[in-house]
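Novice: 3D model of this:
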Amino acid sequence: MSSTKAVRRAALKAAFPHTLPILTGYLFLGASYGILSSLAYRFPWYFPALASVCVYAGSMQFVSLELLAGPFLPLHALMMTLMVNARHLFYGLTMLDKYKPLRHRKGYLIFGLTDETFSLNVTLEPPMDVDRNWFMYYITLLDQCYWVTGATLGGIFGSLIHLEVKGLEFVMTALLLVIFLENWMKETRHTSSLLGLGLTALSLALFGPANNLFIIPAMAAIIAALALLRRPLEGGEAQ
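Specialist: Predicted coordinates:
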């Protein structure tokens with residue numbers, strides 16, 4: 001038992017520093033979600049916390065506020081959720097091999113797979129003396145704890161104040177933009193990023209911005225292109 005605790009403690013200690021940038025972003029984003037939920041949509045202060053524990057869907061949680069506040073349209077909600085979170089289908093395919101040895105922890109890591117958690121778990125290599133499975137588990141758990149904490153504080157704060165909240169939902173777009181720019185700065189070659197931008201722009205031109213319908217064909221085109229060009233891209237990065 002003590003050996004297991006030591007393994008878990010080492011994995012937590014190794015994972016925590018890598019999640020600090022996400023801590024900053026998630027506290028702010030989660031608080032924005034909580035404030036928007038309590039202040040603009042008049043949900044109880046504890047609703048953002050419960051939703052973040054049970055749903056934990058990032059941008060979809062912002063969208064869900066309008067869905068929950070409007071008329072009951074289950075098919076519309078299903079399609080909207082699919083369009084907003086379609087990218088996670090491709091994230092999941094990428095993580096199949098990494099998550100395979102996790103056994104009973106695999107379910108939680110699948111549930112907790114967000115954009116930021118994916119970027120860490122798919123790229124980071126834990127130290128030689130740290131268990132990889134526990135390392136990925138604690139990255140996922142810490143990230144969700146940050147979001148839940150921010151949402152809880154935002155829900156409490158939003159229930160106590162009365163302010164103008166127009167434009168607050170833009171924080172999710174801002175975070176994704178910052179993540180893209182950080183990845184761009186780390187890349188030695190920008191082929192993959194430019195490919196993603198180009199195919200997304202093409203999909204937007206073909207399908208238009210209405211209801212974000214362009215997201216699914218854009219993601220399908222990106223994953224197909226990356227699969228077809230995998231070897232040339234990997235060869236270019238290795239040079």
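
Novice: what residues does stretch 74-92 touch?
Specialist: Residues from elsewhere that reach stretch 74-92 (C-beta atoms under 8 Å, 6 or more residues apart in numbering): 57, 59-60, 63-64, 67, 110, 113, 115, 118, 211-213, 215-216, 219, 222-223. All C-beta spots, glycine's among them, are computed from the backbone N, C-alpha and C.

Novice: filter these down to the buried ones.
Specialist: 57, 59-60, 63-64, 67, 110, 113, 115, 118, 212-213, 215-216, 219, 222-223 (16 or more other C-beta atoms under 10 Å).

Novice: so of the contacts of stretch 74-92, which ones are in helices?
Specialist: 59-60, 63-64, 67, 110, 115, 118, 215-216, 219, 222-223 (DSSP state H).

Novice: next one: the lengthiest helix in the chain to chain centre, how far?
Specialist: What stands out as the longest helix in the chain, according to DSSP H, is helix 2-35. Distance of helix 2-35 from the chain centroid (C-alpha atoms, centre = their mean, to the nearest Å) equals 14 Å.

Novice: okay, now the unreliable bits of this structure?
Specialist: Within the chain, the ranges that satisfy pLDDT under 70 run 1-2, 163-176, 179, 211-213, 233-239.

Novice: got the domain ranges for it?
Specialist: 2-171, 187-239 (automatic domain parsing).

Novice: next, format those as a markdown table and append distance to residue 180.
Specialist: Shown next, in a markdown table, are these (distance: least, C-beta to C-beta, whole Å):
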| stretch | distance to residue 180 |
| --- | --- |
| domain 2-171 | 10 |
| domain 187-239 | 7 |
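
Novice: check contacts around residue 225.
Specialist: Shown in contact with residue 225 (C-beta under 8 Å, 6+ apart): 195, 199.

Novice: any idea which helix or strand carries it?
Specialist: helix 215-228 (DSSP states H and E).

Novice: ok, back up a step: name the next helix or strand following the longest helix of the chain along the chain.
Specialist: Downstream of helix 2-35, the first helix or strand assigned by DSSP H and E is helix 47-54.

Novice: helix or strand: which one has residue 79?
Specialist: Assigned by DSSP H and E, residue 79 falls in helix 74-84.

Novice: flag every buried residue along that helix.
Specialist: With burial defined by 16+ other C-beta under 10 Å, the residues of helix 74-84 counted as buried are 80, 83, 84.

Novice: what is the nearest of those to residue 201?
Specialist: Of all the buried residues of helix 74-84, residue 201 sits closest to residue 83, with 17.6 Å by C-beta to C-beta.

Novice: and the closest one, how far from residue 221?
Specialist: Plainly put, residue 83 is 15 Å away from residue 221 if you go by C-beta to C-beta, to the nearest Å.

Novice: which residues touch the nearest residue to residue 101 once chain neighbours are set aside?
Specialist: Leaving aside its chain neighbours, residue 101 sits nearest to residue 133 (6.1 Å; criterion: C-beta to C-beta, 6 or more residues apart in numbering). Residues counted as contacts of residue 133 (C-beta under 8 Å, 6+ apart) are 101, 102, 105.
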